[in-house]
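K.L.:
next one to model:
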Amino acid sequence: MKPTGPIPPYFAAADGRLVIGGVPAEELVAEAGGTPLFVYDNNIVGAQVARFKGAMADGIALHYSVTANPYEPLLEFLGRYVDGFRIVSGGELRRLQSAGLAGIPISFAGPGKLDSELEAAVRARATISVESEGEAARTIRAAEKVGVQPRISVRVTPPFAIEEGRVTIGSRPSPFGVDAERVPVLVQGLLQAGVDWRGLHMFGGAQCLDAEALAQVHRVTVAHAGEIADVIGEPLPELNLGSGFDIACRPGEAPPDIDHVAVALNRTL
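P.N.:
Next up is the predicted model:
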């Protein structure tokens, strides 16, 4: 087998051959009947989940983004260990249902949700993160149509942005989420409408691998969410801290230091 570069993290080499989950790659290729193929080692996946949960304080839930990998056997495996799943489309919801995971907590985020997707998400008892007053009203109508009380969180335009791994403090216009000053009125309307309000969702960027920058984002997010909750006059049932942890995918990049993030977040909370 022609060498093509360094052995990926978590894998090994034996006698010059790539070994995945203790099995030489050639044997996996033979079992699959050829290439290309994808191979997943559940031990690696499980170790990542255990590392996160071991570092974080009680009350911090781990949700897996189906967008990252919607392979149904992998989702079924993860469903035993994570606290929930994040989806951004009706197709991803169907993947979870096909994997037998319809009963696990699900959060449905992202703009441009179709009415049919809202109805399916309400029926599945997913928490829908609404991006605007209009989407909140559409979600309530979808719930009335299917006869199920909706679970709704409100996405808030954050008082920061993450660009190229750098954090900039200060609110700015955004097509995503509701401006903070409009959130209390929206939430009061949701409560009056009898929805199951599930709190706030705040997310300001992506591809940040710097642990201290993430810690800063969490400090600002928690403080800002607390200020909004004071105006609403209700404690937050949940606070969704956004997009999750990004992946080191370029030469020279290192994954975020989860232990550093966890220590800072636990102190913040």
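K.L.:
where does the protein have low pLDDT?
P.N.:
In the predicted model of the chain, residues 1-5, 161-167, 169-174, 204-207, 243 satisfy pLDDT under 70.
K.L.:
which residues of it fall in strands?
P.N.:
With DSSP state E as the criterion, the chain has strands at 12-14, 17-20, 23-24, 63-65, 84-87, 106-108, 127-130, 151-156, 160-163, 166-169, 196-202, 239-240.
K.L.:
same list, those, but as a markdown table with mean neighbour count and distance to Ile228 please.
P.N.:
Quick note: C-beta positions are derived from backbone N, CA and C, even for glycine. Shown next, in a markdown table, are those (neighbours: other C-beta atoms under 10 Å; distance: least, C-beta to C-beta, whole Å):
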| stretch | mean neighbour count | distance to Ile228 |
| --- | --- | --- |
| strand 12-14 | 11 | 48 |
| strand 17-20 | 16 | 46 |
| strand 23-24 | 14 | 51 |
| strand 63-65 | 18 | 21 |
| strand 84-87 | 22 | 22 |
| strand 106-108 | 25 | 19 |
| strand 127-130 | 27 | 15 |
| strand 151-156 | 26 | 7 |
| strand 160-163 | 18 | 15 |
| strand 166-169 | 13 | 17 |
| strand 196-202 | 22 | 7 |
| strand 239-240 | 24 | 10 |
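K.L.:
which among those is found nearest to Ala50?
P.N.:
Across the strands of the chain, Ala50 has its closest neighbour in strand 63-65 (13.8 Å, C-beta to C-beta).
K.L.:
how is the protein partitioned into domains?
P.N.:
Under automatic domain parsing, the residue ranges defining each domain of the chain are 1-39, 40-268.
K.L.:
hang on, the earlier thing: and of the strands of the chain, who's closest to Lys53?
P.N.:
Nearest to Lys53 among the strands of the chain is strand 63-65; the distance by C-beta to C-beta comes to 12.2 Å.
K.L.:
biggest helix in this protein, by residue count?
P.N.:
For the chain, the longest helix by residue count, based on DSSP state H, is helix 211-232.
K.L.:
tilt between that helix and strand 151-156?
P.N.:
Computed by axes from the mean of the first three to the mean of the last three C-alpha atoms, to 10 degrees, the angle separating helix 211-232 from strand 151-156 equals 110 degrees.
K.L.:
what's the angle from helix 211-232 to strand 196-202?
P.N.:
140 degrees.
K.L.:
buried residues in helix 211-232?
P.N.:
Of the residues in helix 211-232, 211, 213-218, 220-222, 224-225, 228-229, 232 count as buried by neighbour count, 16 or more other C-beta atoms under 10 Å.
K.L.:
farthest-separated two in these?
P.N.:
Maximum distance among those (C-beta to C-beta): 31.2 Å, for Ala211 and Ile232.
K.L.:
show me what stretch 218-230 is in contact with.
P.N.:
For stretch 218-230, the surrounding residues in contact (C-beta atoms under 8 Å, 6 or more residues apart in numbering) are 156, 158-160, 169, 180, 183-184, 200, 202, 235-236, 239, 241-242, 261, 264-265, 268-269.
K.L.:
now restrict those to buried residues only.
P.N.:
Neighbour counting with 16+ other C-beta under 10 Å marks 156, 158-160, 180, 183-184, 200, 202, 236, 239, 241-242, 261, 264-265 as buried within the contacts of stretch 218-230.
K.L.:
in space, what's closest to Ala120 - neighbours in sequence excluded?
P.N.:
Gly90 (5.4 Å; C-beta to C-beta, 6 or more residues apart in numbering).
K.L.:
that neighbour and Leu114 touch, don't they?
P.N.:
Yes. At 6.9 Å, Gly90 and Leu114 qualify as touching, with contact defined as C-beta atoms under 8 Å.
K.L.:
those two - which one has more neighbours?
P.N.:
Neighbour tally, Gly90 and Leu114, criterion other C-beta atoms under 10 Å: the higher count belongs to Gly90, 18 against 12.
K.L.:
give me every residue that touches the more buried one.
P.N.:
Neighbouring residues of Gly90 by C-beta under 8 Å, 6+ apart: 114, 116-117, 120-121.
K.L.:
distance to Thr139 for those - can I get that in TSV?
P.N.:
Below are these laid out as TSV (distance: C-beta to C-beta, whole Å):
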residue	distance to Thr139
Leu114	12
Ser116	12
Glu117	10
Ala120	12
Ala121	8
